[in-house]
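Student: fold the following and give me the result.
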Amino acid sequence: MGFNKLVISVAALAAVSSGLFAGTSNMDVKKVFVKECQGCHGTNHQGGVGADLRPASLAKKNSYTLAEIILNGVPGTAMPSWNNTFNKADADKMVDYLQHFKGQKIKILTLKAVTAGWKTLNDRTEFLKKYPHPVDVKSVDDISFITERDASRVDFCDNTTGKILSRHPAGFAVHVTVTNKRQPRYAYSISRSGLVTMFDLNTPGQQKIAEVQVGTSSRGLAVSPDGKFLMAGNYVPGGAILMDAMTLKPLKVYPTSSVIDTEGNIVASRVAGMYDTPYGPYIAFALKDAGHVYIIDYSKPNYPIVGDIPNIGKILHDGFENEGKEEGRYIMQASQGSDVMGIVDFKTKSLAAKVYTGPGSKPHPGQGSSWYNDKYGEVFATNSMNVGNAVIWDSNWDVVANVRTAGGGLFIGTSVDTPFVWSDCVIGGPANWNKMYLINKQTLKTDRIITVGTKRGTVTDPVTHKILYSWKVPTVKDKKGHVVIPRILHAEPANHGKWVMISEWNAGRIGIYEAKTGKFVKYITGLTTPTFTYSIEHRQTIPGA
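Tutor: Take a look at the predicted model:
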């Protein structure tokens, strides 16, 4: 058994383009669904973040309505409009495919198949001798990753200057990057197309050491704090893969093609969130469709599952860990189908509590936020996908604040060097997705709002509406000549606490802001759909990140 990369051929793309004028569709809708839709709607169209698209669920809607949803999206949700990619004939063809979908055989994750996709690209030990210190920067802590989704690249950036150091093909829609906390010269990426890549940051151009094709649809990575193990999570074939962090050699697979869900049914499950922890020799991973979190102990022979925490909720996605007292003891696990943050306890290997985030909120913390508040002690925060709301709770697992924002968001982050929690509104629609809310960590109220317009950017006081700072924004146009409203997301602390980097997904750049004030500093330009930035110096201090 092997894995084939799922890509659309140049010929197919040309056919799609020509279909815009011909009134017919030559789109390979099955491949497009796998590439663009499967992550939210499921391998067998069973739903998740997105709706259930199986024929029985679609029976109450007519074909015209379904095609309109594809073309125009659903406001206030993660469902975007596809009218820049699909024509009417493409949408109709996709609807027909969905209405007549008969399901597909569930692939089973095997160690043999993953091992067949493992390649050594450079001699790590030779690099270790030749480059004892970083060549391109003073310290690897000066480096940030940038993921360029549609360019299928991961970039390395000197985050003290904003200079791009190198760019590397790393699979379609590079999704997550992590570093080895014990040996931070080694970094790893995983793409949605299932490619895991290892880099040596000390080398000129941050060269690749190895890669392994772990599946055809993947999401998460975690590195053990002792620097010995790397674990990846798959959507297809469902499961998790444990690897040697120094070579990427696959060691064990944990298939999730037959597990019990929250209602007692036997189902295939995708694997979403991945969590290493300083609290013990554990790595945990979330079974998205089954509602479980599994904990493995990598210090024991054969790396057994030592914890199975069921009934957290429906559709488990991302999450984060606590800082402060007993750092890394708790996972804050988002359940988007139950509007819950499940609190998983590594110590007792049980579900400690459920924090309800509000009806229809669909929590999506991304990197999440944990900080000390003078009134409530250690507090935690998540964004909400379908509601403009940042939910904040304390160590008693009680919600202490709901901070309204302009629209649904995906990422909320902070660090010890900024007085704010930075919350995006990237799903809030064109009227709001260009805003970032800066929430005061002590008052738990919005302190200022960053707005990136088409010509001008501002930082405003939400109470007085006074403009605190402003700057000139270069206008960007799409391929049709329409002016683009910048879609901003994922605030990442960088430059040793001095900056916060914000991706402008559709404008092809990253904005840099002062961490203490929100004042604009400069842009990193020339990028293709930059999605995430990951600052090594920041991530080294965050448990499970």
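Student: next, the buried residues of stretch 516-530.
Tutor: Across stretch 516-530, burial judged by 16 or more other CB atoms under 10 Å covers 518, 520-521, 523-524, 527, 529-530. Every residue, glycine included, has its C-beta placed from N, CA and C.
Student: endpoints of that stretch, how far apart?
Tutor: The first and last residues of stretch 516-530 sit 24 Å apart, counting by CA to CA, to the nearest Å.
Student: just stretch 364-373 next, same as before
Tutor: Start-to-end span of stretch 364-373 (CA to CA) is 22 Å.
Student: please apply the same query to stretch 224-234.
Tutor: 18 Å.
Student: go on, stretch 109-122?
Tutor: Terminal residues of stretch 109-122 lie 27 Å apart, using CA to CA.
Student: what's in contact with that stretch?
Tutor: Residues outside stretch 109-122 that contact it (CB atoms under 8 Å, 6 or more residues apart in numbering): 1-3, 200, 207-215, 234, 237-239, 241, 247-250, 252-257.
Student: what about those residues, which are in strands?
Tutor: Per DSSP state E, strands hold the following members of those: 200, 208-213, 234, 239, 241, 250, 252-255.
Student: pLDDT weak spots in the protein?
Tutor: Within the chain, the ranges that satisfy pLDDT under 70 run 1-23, 39, 48-49, 76, 104.
Student: would you map the helices across it?
Tutor: Along the chain, the stretches classed as helices by DSSP state H are 10-22, 29-32, 38-41, 55-58, 63-72, 88-99, 111-116, 124-130, 536-539.
Student: could you dump those to JSON lines with distance to Asp417 and mean neighbour count?
Tutor: Formatted as JSON lines, these follow (distance: least, CB to CB, whole Å; neighbours: other CB atoms under 10 Å):
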{"stretch": "helix 10-22", "distance to Asp417": "44", "mean neighbour count": "13"}
{"stretch": "helix 29-32", "distance to Asp417": "42", "mean neighbour count": "17"}
{"stretch": "helix 38-41", "distance to Asp417": "33", "mean neighbour count": "20"}
{"stretch": "helix 55-58", "distance to Asp417": "47", "mean neighbour count": "13"}
{"stretch": "helix 63-72", "distance to Asp417": "42", "mean neighbour count": "16"}
{"stretch": "helix 88-99", "distance to Asp417": "46", "mean neighbour count": "20"}
{"stretch": "helix 111-116", "distance to Asp417": "39", "mean neighbour count": "17"}
{"stretch": "helix 124-130", "distance to Asp417": "32", "mean neighbour count": "12"}
{"stretch": "helix 536-539", "distance to Asp417": "9", "mean neighbour count": "24"}
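Student: any chance of these in TSV, plus distance to Val483?
Tutor: Output for these, formatted as TSV (distance: least, CB to CB, whole Å):
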stretch	distance to Val483
helix 10-22	21
helix 29-32	27
helix 38-41	28
helix 55-58	36
helix 63-72	20
helix 88-99	25
helix 111-116	46
helix 124-130	46
helix 536-539	33
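Student: so which of those helices is nearest Cys425?
Tutor: For the helices of the chain, the distance to Cys425 is smallest for helix 38-41, at 19.0 Å, taking CB to CB.
Student: give me the contact list for the closest one.
Tutor: If you take CB under 8 Å, 6+ apart as the criterion, helix 38-41 is touched by 33, 47-53, 78-79, 192, 217, 219, 235-236.
Student: which one of those residues sits closest to Tyr330?
Tutor: The closest of the contacts of helix 38-41, once distances to Tyr330 are taken by CB to CB, is Arg219, at 21.4 Å.
Student: was I right to think Leu316 contacts Met274?
Tutor: No - checked against CB atoms under 8 Å, the pair Leu316 and Met274 is beyond contact range at 11.6 Å.
Student: and Pro237, what is it in contact with?
Tutor: Neighbouring residues of Pro237 by CB under 8 Å, 6+ apart: 106-109, 113, 215-216, 255, 257.
Student: repeat that with 6 Å
Tutor: Shown in contact with Pro237 (CB atoms under 6 Å, 6 or more residues apart in numbering): 107-109, 215.
Student: for it, give its distance to Pro363.
Tutor: Taking CB to CB, to the nearest Å as the measure, Pro237 falls 27 Å from Pro363.
Student: same check on Lys105?
Tutor: From Lys105 across to Pro363, the span is 33 Å (CB to CB).
Student: these two: which has the busier surroundings?
Tutor: It is Pro363, of Lys105 and Pro363, that has more neighbours when counted by other CB atoms under 10 Å, with 33 against 6.
Student: so Leu316 and Met274 - more neighbours on which side?
Tutor: Between Leu316 and Met274, counting by other CB under 10 Å, Leu316 is the more crowded of the two (31 against 25).
Student: the more buried one contacts Asp289, doesn't it?
Tutor: No - using CB atoms under 6 Å, Leu316 is not in contact with Asp289, being 8.2 Å away.
Student: run through the bridge partners of the nearest residue to Leu444 once chain neighbours are set aside.
Tutor: Using CB to CB, 6 or more residues apart in numbering and skipping residues adjacent in sequence, the residue nearest Leu444 is Ala401, 4.1 Å away. Beta-bridge pairing of Ala401, defined through DSSP bridges, involves Ile392.
Student: measure Ala401 to Gly324 for me?
Tutor: Noted for Ala401: a distance of 18 Å to Gly324, by CB to CB.
Student: just checking, Ile164 touches Cys157?
Tutor: Yes - using CB under 6 Å, Ile164 is in contact with Cys157, at 5.5 Å.
Student: which residue sits closest to Asn234, ignoring its sequence neighbours?
Tutor: Per CB to CB, 6+ apart, closest to Asn234 is Gly215, 4.0 Å.
Student: show me what contacts that neighbour?
Tutor: Contacts of Gly215 (CB under 6 Å, 6+ apart): 194, 234, 236-237.
Student: what is the most widely separated pair among the residues you listed?
Tutor: Largest separation among the contacts of Gly215 by CB to CB: Gly194 and Pro237, giving 9.4 Å.
Student: ok, Leu251 - contacts?
Tutor: Leu242.
Student: that older thread, is it true that the residue nearest to Leu444 touches Val391?
Tutor: No - here Ala401 does not reach Val391: they are 7.8 Å apart, not a contact under CB under 6 Å.
Student: list the contacts for the closest residue to Val271 other than its chain neighbours?
Tutor: Distances taken as CB to CB, 6+ apart place Gly233 nearest to Val271, at 3.7 Å, with adjacent residues excluded. By CB under 6 Å, 6+ apart, the contact set of Gly233 is 219-220, 240, 271, 274, 285.
Student: neighbours of Gly47, how many?
Tutor: For Gly47, the count of nearby residues is 18 (other CB under 10 Å).
Student: which parts of the stretch 401-545 of the chain are strands?
Tutor: Ranges of strands in the stretch 401-545 of the chain, per DSSP state E, counting those that start in this stretch, are 412-413, 420-424, 435-440, 446-452, 456-460, 467-472, 488-494, 499-504, 509-514, 520-524, 530-535.
Student: now the angle from the fourth one to strand 467-472?
Tutor: By that I understand strand 446-452. 20 degrees (axes from the mean of the first three to the mean of the last three CA atoms, to 10 degrees).
Student: what pairs with strand 446-452, and is each one parallel or antiparallel?
Tutor: In the sheet, strand 446-452 lines up against strand 435-440 (antiparallel), strand 456-460 (antiparallel) (DSSP bridges).
Student: among these, which is nearest Pro132?
Tutor: Of all these, strand 435-440 sits nearest to Pro132, with 39.9 Å by CB to CB.
Student: which strand residues bridge Asp424?
Tutor: Beta-bridge partners recorded for Asp424 (DSSP bridges): Met436.
Student: thought Gly409 was touching it, still the case?
Tutor: Yes - if you go by CB under 6 Å, Asp424 and Gly409 touch, sitting 4.6 Å apart.
Student: hmm, back to that, between Ile164 and Cys157, tell me which one has more neighbours.
Tutor: Between Ile164 and Cys157, counting by other CB under 10 Å, Cys157 is the more crowded of the two (25 against 15).
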